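Trainee: Here's my sequence, what's the structure:
(chains A and B)
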Amino acid sequence: MVYLTRKAEFSASHYYNNPAFTPEENQRIFGKCNNPHGHGHNYTLEVTVKGEIDPRSGFVVDLKQLKEIMDREVIGVVDHRHLNEEIAEFKVQIPTTENLAITIWKWLGPKLDVARLHRIRVYETPDLFADYYGEE
Amino acid sequence: MKAYLTKRYRFSASHRLHCPEMSAEENRAVYGKCNNPHGHGHNYFVEVTVAGQVDQQTGMVCNLADLDAFVNERIVERYDLGNLNTLPEFSGRSPTTENLCVEIFETLQREFRHAEVEKVRMEETMLNSFEYAGGRQPRH
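Mentor: Residues are numbered from 1 along each chain as shown, chains lettered A, B, ... in the order given. The predicted model follows:
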């Protein structure tokens, strides 16, 4: 089994707010991230796939194909978007880095055939990232 | 749904690698430049990975404010701009980054109550790093 990781970047805005909480609770739990005008990040996405090396091509996965799938299913959807306002999943859940990793897994998982998804890592800043490995 | 959250922190500290049970020659042979009696320093990076179910209401594995507060108070404040050899946790053993990594993991595991501590990874320089997951195989 070989693991292969491809990176991509996107920029998006978001804010954290749960309508089930009072304004005071939202402020206490989410702090500055609760600003209703939102704020943005340059995110880095790492998609790790795993599989056996094809003896003829020497590939675990065709990287060009993986890039096309990532561009179509993720980057094209979230880049330069407001996650709360424009992405259906985040109208009903908070666009934390954790939820973003889980959502991207759900988008990409069914689109991969040869290699299997191993991990989604989303960096919100260079000092903070979330990992999701699917349901364990 | 279980997710893993990692936050990166930094501190600078000095140390001298020296084992009192070894002779001066042995210490020099084992630790080389790191055995210099005057010590030397590093800018360390610490990556703390916590794990848990994503809370449905907050969307979080752990509130970062809680993790930041804990790590800043118990780890960064303790080690930043200090000499590791002077601390009681290194009185009987060499303050290698392996030992420091285990010490930080155990402090988190013992005292941090807001999420399960999965792993601590430390970089001593850009060229070396250490990981400890409490005796488990670290997850990659």
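
Trainee: So which residues of chain B form strands?
Mentor: B:2-15, B:40-53, B:82-83, B:116-125, B:128-132 (DSSP state E).

Trainee: Present those strands as CSV; the columns should include distance to residue A:21.
Mentor: The way it works is simple: take the backbone N, C-alpha and C, and place the C-beta from them, glycine included. Converted to CSV, those look like this (distance: least, CB to CB, whole Å):
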stretch, distance to residue A:21
strand B:2-15, 21
strand B:40-53, 19
strand B:82-83, 40
strand B:116-125, 24
strand B:128-132, 37
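
Trainee: And the ones you listed: which comes nearest chain A?
Mentor: Evaluated with CB to the nearest CB, the strands of chain B place strand B:2-15 nearest to chain A, the distance being 3.9 Å.

Trainee: Any regions of the chain where pLDDT drops low?
Mentor: Reading this off chain A. Residues of chain A meeting the criterion pLDDT under 70: none.

Trainee: if you could check chain B rather than the one you did, that'd help
Mentor: Ranges of chain B meeting pLDDT under 70: B:140.

Trainee: Return the residues of it in contact with chain A.
Mentor: Taking CB under 8 Å from any CB of the partner chain as the test, the list of chain B residues beside chain A reads B:1-9, B:49, B:54, B:56-61, B:63-65, B:139-140.

Trainee: same thing but 7 Å
Mentor: Contact residues, chain B versus chain A (CB under 7 Å from any CB of the partner chain): B:1-8, B:54, B:57-61, B:63, B:65.

Trainee: okay, among those, which ones form the most distant pair?
Mentor: B:8 and B:57 (26.5 Å; CB to CB).

Trainee: Looking at those two, which one has more neighbours?
Mentor: Taking other CB atoms under 10 Å in any protein chain shown, residue B:8 and residue B:57 do not tie; residue B:8 has more neighbours (16 against 12).

Trainee: Could you find the closest non-adjacent residue to that one?
Mentor: residue A:127 (4.0 Å; CB to CB, 6 or more residues apart in numbering or on different chains).

Trainee: For residue B:74, the count of nearby residues, please.
Mentor: Neighbour tally, residue B:74, other CB under 10 Å: 15.

Trainee: what's the spacing between stretch B:41-51 and its chain's center?
Mentor: Relative to its chain's centre, stretch B:41-51 lies at 6 Å (CA atoms, centre = their mean, to the nearest Å).

Trainee: Alpha carbons of it, in CSV - could you do that?
Mentor: Extracted C-alpha coordinates of stretch B:41-51, given in CSV (Å, rounded to 0.1, in the frame of the first residue of the first chain):
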residue,chain,number,x,y,z
GLY,B,41,19.4,26.6,22.3
HIS,B,42,16.7,25.8,19.9
ASN,B,43,13.5,27.4,18.5
TYR,B,44,11.1,24.5,19.2
PHE,B,45,7.8,23.9,17.5
VAL,B,46,5.2,21.8,19.2
GLU,B,47,2.2,20.3,17.4
VAL,B,48,-0.6,19.1,19.7
THR,B,49,-3.2,16.9,18.1
VAL,B,50,-6.5,16.3,19.9
ALA,B,51,-9.2,13.9,18.8
